[in-house]
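A.B. asks: after the sequence you'll find the predicted model.
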Amino acid sequence: MGELDGQTYVVTGASKGIGRAVSLELAKAGARVVLLARESPELERATAEVNGESGISFAVACDLGDGESIEQAATSILDAIEQVHGLVHNAGDIHPIKPLLKADVAAWSRSMMVNLVGVQHLTQALRPALIGDHRVRVTTISSGAALRPLPSWSAYCTAKAGLDMWTRCLAEEGEADNITAVSVAPGIVDTPMQLAIRSATEDDFPLRENFVRYHEDGQLAQPDTVARALFGLITAHSLEQSGQRFDVRDL
């Protein structure tokens, strides 16, 4: 018997990186995991891996930058389960990596959708499975970019700062419904997002060389290591911790 037997967790951005690794850790502990990500071979592979640990898990294709896709995903989840015990809002998009005054408005707006507005939309759409006598724990994956501006990351910095405040708002309002929420910065992790950062041009991202060195010097953490460090916070954070922001290095 696993410690999370009978519980259901929804994880966004679950096809790769931290989302995939967190999904695996949850499944190993007995949880049913609903893996959300855009449809791709990576999502299929991640779902197969998770089901190797927990055969009751399943994937739902969802683009958090598209409101209609979110509604369809939420309907599919609610048709399959009655209660959600945990939400891990992990999906993120670093694009556009462009100076603020040169960034494409559509790309900037999509970043806000994926990193912030989609979080609100999905959570609200899943309300029937969140409200009840059961305990619900919500974890948002934050970033150091939420605390300080970085050149050419205006959309990402703004969205992550907003996500931290959204988490605090949910913690404040959710207490009456037995819902708690925390945010956590995972550090610099070896994910496709880091590859996208290193692929930017110097003109678009003046700090690019710093991130290239992080990679070359082996300073990037592995997603599996980060997922294991986050597991206790995701699955067992307390009412007293609700509303707080954590750094994975302090866990």
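C.D. replies: Cool, the structure landed.
A.B. asks: and the next element down the chain from the helix or strand harbouring residue 88?
C.D. replies: Assigned by DSSP states H and E, residue 88 belongs to strand 86-89. Beyond strand 86-89 in the direction of the C-terminus, DSSP H and E gives the next helix or strand as helix 105-112.
A.B. asks: so for the strand holding residue 88, what gets flagged as buried?
C.D. replies: 86, 87, 88, 89 (16 or more other C-beta atoms under 10 Å). (C-beta placed from N, C-alpha, C; glycine too.)
A.B. asks: what do you get for stretch 122-130?
C.D. replies: In stretch 122-130, counting by 16+ other C-beta under 10 Å, buried: 122, 123, 125, 126, 129, 130.
A.B. asks: residues contacting the residue lying closest to the fifth one once chain neighbours are set aside?
C.D. replies: To tie it back to what came earlier, the one meant is residue 129. Nearest residue to residue 129 in three dimensions, chain neighbours excluded: residue 84, at 4.2 Å (C-beta to C-beta, 6 or more residues apart in numbering). Residue 84 sits next to 8, 9, 10, 34, 77, 126, 129, 130, 136 when contact means C-beta atoms under 8 Å, 6 or more residues apart in numbering.
A.B. asks: recalculate using a threshold of 7 Å.
C.D. replies: 8, 10, 126, 129, 130, 136 (C-beta atoms under 7 Å, 6 or more residues apart in numbering).
A.B. asks: residue 23 now?
C.D. replies: Neighbours of residue 23 in contact, by C-beta under 7 Å, 6+ apart: 11, 14, 33, 35, 46, 50.
A.B. asks: of the residues you listed, which belong to strands?
C.D. replies: Among these, DSSP state E puts 11, 33, 35 in strands.
A.B. asks: pretty sure the second one contacts residue 52?
C.D. replies: No - here residue 33 does not reach residue 52: they are 11.8 Å apart, not a contact under C-beta atoms under 7 Å.
A.B. asks: and those two? which has more neighbours close in?
C.D. replies: Neighbour count, other C-beta atoms under 10 Å: between residue 33 and residue 52, residue 33 has more, with 30 against 12.
A.B. asks: circling back: what is the nearest of the contacts of residue 23 to residue 180?
C.D. replies: residue 11 (17.1 Å; C-beta to C-beta).
A.B. asks: so who does the closest one touch?
C.D. replies: 19, 22, 23, 33, 35, 36, 88, 90.
A.B. asks: rerun at 6 Å
C.D. replies: Neighbour list for residue 11: 19, 22, 23, 35, 88 [criterion: C-beta atoms under 6 Å, 6 or more residues apart in numbering].
A.B. asks: what residues are bridge-paired with the fourth one?
C.D. replies: Pointing back at residue 35 there. residue 11, residue 59 (DSSP bridges).
A.B. asks: how many other residues sit next to it?
C.D. replies: 29.
A.B. asks: I'd guessed it sits against residue 60; true?
C.D. replies: No - counting by C-beta atoms under 6 Å, residue 35 stays clear of residue 60, with 7.3 Å between them.
A.B. asks: helix, strand or coil for residue 132?
C.D. replies: coil (DSSP: H, G, I helix; E, B strand; the rest coil).
A.B. asks: ramachandran coordinates for it?
C.D. replies: phi 160, psi -170 (degrees, to the nearest 10).
A.B. asks: what strand or helix carries the residue lying closest to it once chain neighbours are set aside?
C.D. replies: Computed as C-beta to C-beta, 6+ apart, the closest residue to residue 132 that is not its neighbour in sequence is residue 83, at 6.2 Å. Following DSSP H and E, there is no helix or strand that holds residue 83.
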